[in-house]
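A structural model of the following input is requested.
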Amino acid sequence: MSSRLVDLPLAMRMFGWRVAIRPLKGLLPLPRLVRLMRRAPGSPHRRAAREARVVSLSHRLCRGRLREGSCLERSLLTYRFLAEAGAEPRLVIAVRRGGKSLEWHAWVTRDGQAVHESDESLSGYLPVVIFDTRGAVEWSSSMAGSLTGARL
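Predicted structure coming up:
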């Protein structure tokens, strides 16, 4: 069986969540949205091949002229399905000064390394809140209350 056929059920489930995330992020406060997206690990053993497929699919599902997603949308999708693959992802919400305004950004880490991001692209961002695999706040700065009006 080709890997393309094996990926179809995963791709379909990820696509469904991809479509749902955009309206949900406008309706739910961030902590509640993260708890909704959390996923108990599907296996106590990590599955590296599955993790690689999740990272690749989340990137493809959130790119392109007609389906461009925000960093938060891509990160929530990656976060949910990496946890299901046995990884212990963290969802990071951060901010940096961009001229006269603040730039918000979201990304996922796995094994302490950012997924979809280079160290250079994250330069200057200060984490405001980090959610663990269970959707609980693992770390929060005193700015965490500022997340209410943030649009990522």
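
rest of the way, CA atoms for contacts and neighbours
OK.

Report the secondary structure element holding the spatially most central residue of the chain.
With distances taken as C-alpha atoms, centre = their mean, Ser75 lies nearest the centre of the chain, 1.8 Å away. Per DSSP states H and E, Ser75 falls inside helix 71-84.

what residues are up against the residue nearest to the centre of the chain?
91, 106-108 (C-alpha atoms under 8 Å, 6 or more residues apart in numbering).

Now the longest helix seen in the chain: buried residues?
Criterion DSSP state H: the longest helix present in the chain is helix 3-27. By neighbour count with 16 or more other C-alpha atoms under 10 Å, helix 3-27 contains the buried residues 10-11, 14-15, 17-18, 21, 25.

Pull the residues that contact the helix or strand just after the helix holding Ser75.
Following helix 71-84 in sequence order, the next helix or strand is strand 90-98 (DSSP H and E). Strand 90-98 has contacts (C-alpha under 8 Å, 6+ apart) with 75-76, 79, 102-110, 124-133.

Now the buried members of the residues you listed.
75-76, 79, 104-110, 125-133.

returning to what we had before: of the buried residues of helix 3-27, which is the nearest to Val137?
Among the buried residues of helix 3-27, Lys25 lies closest to Val137 (C-alpha to C-alpha), at 17.6 Å.

Could you double-check that the closest one lies in contact with Leu33?
Yes - between Lys25 and Leu33 there is a contact at 6.8 Å, judged by C-alpha atoms under 8 Å.

Can you tell me how far Gly16 is from Arg22?
11 Å (C-alpha to C-alpha, to the nearest Å).

and what of Leu82?
Leu82 is 19 Å from Arg22, where distance means C-alpha to C-alpha.

again with Ala106
From Ala106 to Arg22 the distance is 14 Å (C-alpha to C-alpha).

Pro31 too?
Distance from Pro31 to Arg22, by C-alpha to C-alpha: 15 Å.

Roughly how far does Ala85 sit from Gly112?
Ala85 sits 17 Å away from Gly112, going by C-alpha to C-alpha.

Settle it for me: which of those two has more neighbours?
Ala85 (24 against 10; other C-alpha atoms under 10 Å).

Please tell me how far that one sits from Pro44.
9 Å.

same question, His116
On the measure of C-alpha to C-alpha, His116 and Pro44 end up 24 Å apart.
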